[in-house]
Every structure is written in C-alpha cells, then in structure tokens.
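>>> Sharing a model that was predicted from the sequence below.
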Amino acid sequence: QVQLVESGGGMVQTGVSLRLSCAASGRTFSSYAMGWFRQAPGKEREFVAAISRSGTYSADSVKGRFTISRDNAKNSVYLQMNSLKPEDTAVYYCAATGLNCVGQGCYEGVGDYDYWGQGTQVTVSS
C-alpha cells in the first residue's frame, strides 16, 4: 500500500516556475515507477511525465519545460515546471505503478497506475 500526498501548487503568472512535490509512504517507494498527470476542467486526465528504472518520459506538450525527478531517500518525486502557460492550468496528480518496462507507452495510461494522490491545483494566469 502506498499513500501519496502532493504539494506545491498555486496561482502564478505566465512564464514563472513552480515545483510540485509528492511525498510517498511505505518502505518500497524505490520499487515503484512514478508519474505525474493533470486534469483540466472538462477534460480527461492526461499524462505529463514519468520516471522509472528505464528513464524519464514526458508528454510533448511539456517537453523542454517540465522535468521529473525523484529522491528515494526522501520517498519523494518532484515535477519542476518552468515557463508555465495558461494551458498548464489543471489539477496535478502524482501516481505510482508497479510496472517495470521500457518506453513511454508503458507509463502514459491512467489505468497503468496503482496508487494516486489527491491532487494539487495549478493555475496560470495570462
């Protein structure tokens, strides 16, 4: 069982940066691949980024602006978001999966994840 708690969201202006954090419970954190998803009002939850033993992956819409990282000693995963745009406005969710495979396709699906946090709101104004 893994419990995930996100933090770091807020209301910012276009072009600034935010860093989201996700704290995980459990002693087996390092064995999980971790992902970030987001959901804007009226839209489906979408993949943002993932980090696994095979590497890091990110959606085309955030590539070059967002960076995912993790600190297994702190049971935490992070999402550094730079050059934020109004279209980045959404609730951001942290998720954990026991999958261990190679390729972004392994980690893009909502159904691929076993545990989810409650989400943190990010609002970017123009």
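Thanks, I have the structure now. What you are looking at is a predicted structure, and each value in this text was computed from that prediction instead of being measured. Numbers count the residues shown, from 1 in each chain.
>>> tell me which helix or strand of the chain sits lowest on mean pLDDT?
Using mean pLDDT, DSSP states H and E, strand 55-58 stands out as the lowest-scoring helix or strand of the chain, at a mean of 95.
>>> could you list every residue that touches the residue nearest in space to the middle of the chain?
Residue closest to the average C-alpha location in the chain (Cα atoms, centre = their mean): residue 36, at 1.8 Å. If you count contacts by Cβ atoms under 8 Å, 6 or more residues apart in numbering, residue 36 has them with 20, 22, 48-50, 66, 68, 77, 79, 92-95. C-beta coordinates here come from the backbone N, C-alpha and C atoms, glycine included.
>>> which residue ranges form the helices in this protein?
Under the criterion DSSP state H, the chain contains no helices.
>>> any low-confidence regions in it?
Filtered on pLDDT under 70, the chain yields no residues whatsoever.
>>> ok, back up a step: and for the residue nearest to the centre of the chain, nearest residue in space, chain neighbours not counted?
Using Cβ to Cβ, 6 or more residues apart in numbering and skipping residues adjacent in sequence, the residue nearest residue 36 is residue 48, 4.3 Å away.
>>> Dig out what the residue nearest to residue 88 when sequence neighbours are not counted forms beta bridges with.
Excluding its sequence neighbours, the residue lying closest to residue 88 (Cβ to Cβ, 6+ apart) is residue 124, at 5.2 Å. Taking DSSP bridges, one obtains residue 12 as the residues bridged to residue 124.
>>> Check residue 52 too.
Beta bridges link residue 52 to residue 55, judged by DSSP bridges.
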